[in-house]
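In: Provided below for reference: sequence and predicted model.
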Amino acid sequence: MCVQPYAKEAFERNNELVKNGSLTLEVEPGNRRDGYGRLLAYVYFDGKSVQKTLLKEGLARVGYIMDPPYKYLNLNKDNENLARSIQINIWSRSGFVTKWGFEGCE
């Protein structure tokens, strides 16, 4: 499998965030698990949202929304739109982000 653009940067940034503080999880009320049985939770380091940081930095996107509502869906979309509007990282390549994921490999 190929390595998608920004995958390494997203991995490194996530690692940096979760390893440099106290971690807490907030489980999604009502939708504790997704269709594959994975736990749905919001991750915080020292009280700051990991999801918010990655979205605002253009290293993540909002996708695969199943069985809404989700507590922070609108906020997450707002943070994604902020990164999209300034075209950083995943948003800097035209056509890279698709409805089903990402196009292209390095």
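Out: Structure's in. What do you need? Numbering: from 1, shown residues only.

In: Now residue 81, what are its backbone angles?
Out: When quoted as degrees, to the nearest 10, the phi and psi of residue 81 stand at phi -60, psi -30.

In: Run a quick neighbour tally on it.
Out: 13 (other Cβ atoms under 10 Å). For every residue, glycine as well, the C-beta is placed using N, CA and C.

In: How much space separates it from residue 15?
Out: 25 Å (Cβ to Cβ, to the nearest Å).

In: now residue 34
Out: In terms of Cβ to Cβ, residue 34 sits 23 Å off from residue 15.

In: higher neighbour count, the two?
Out: When residue 34 and residue 15 are compared for neighbours, residue 34 comes out ahead with 13 against 10, by other Cβ under 10 Å.

In: shouldn't that one be in contact with residue 28?
Out: No - look at residue 34 against residue 28 with Cβ atoms under 8 Å: they stay out of range, at 9.3 Å.

In: I figured residue 103 hits residue 5, correct?
Out: No - judged on Cβ under 8 Å, residue 103 makes no contact with residue 5 at a distance of 9.5 Å.

In: Which neighbours do the two have in common?
Out: residue 96 (Cβ atoms under 8 Å, 6 or more residues apart in numbering).

In: neighbour count winner among these two?
Out: residue 5 (18 against 12).

In: Local confidence estimate at that one?
Out: Note for residue 5: predicted pLDDT of 88.

In: same check, this time on residue 106
Out: 65.

In: Look up how far residue 94 lies from the most centrally placed residue in the chain.
Out: For the chain, residue 60 is the residue whose C-alpha lies nearest the centre (Cα atoms, centre = their mean; 3.8 Å). Counting by Cβ to Cβ, the gap from residue 60 to residue 94 is 19 Å.
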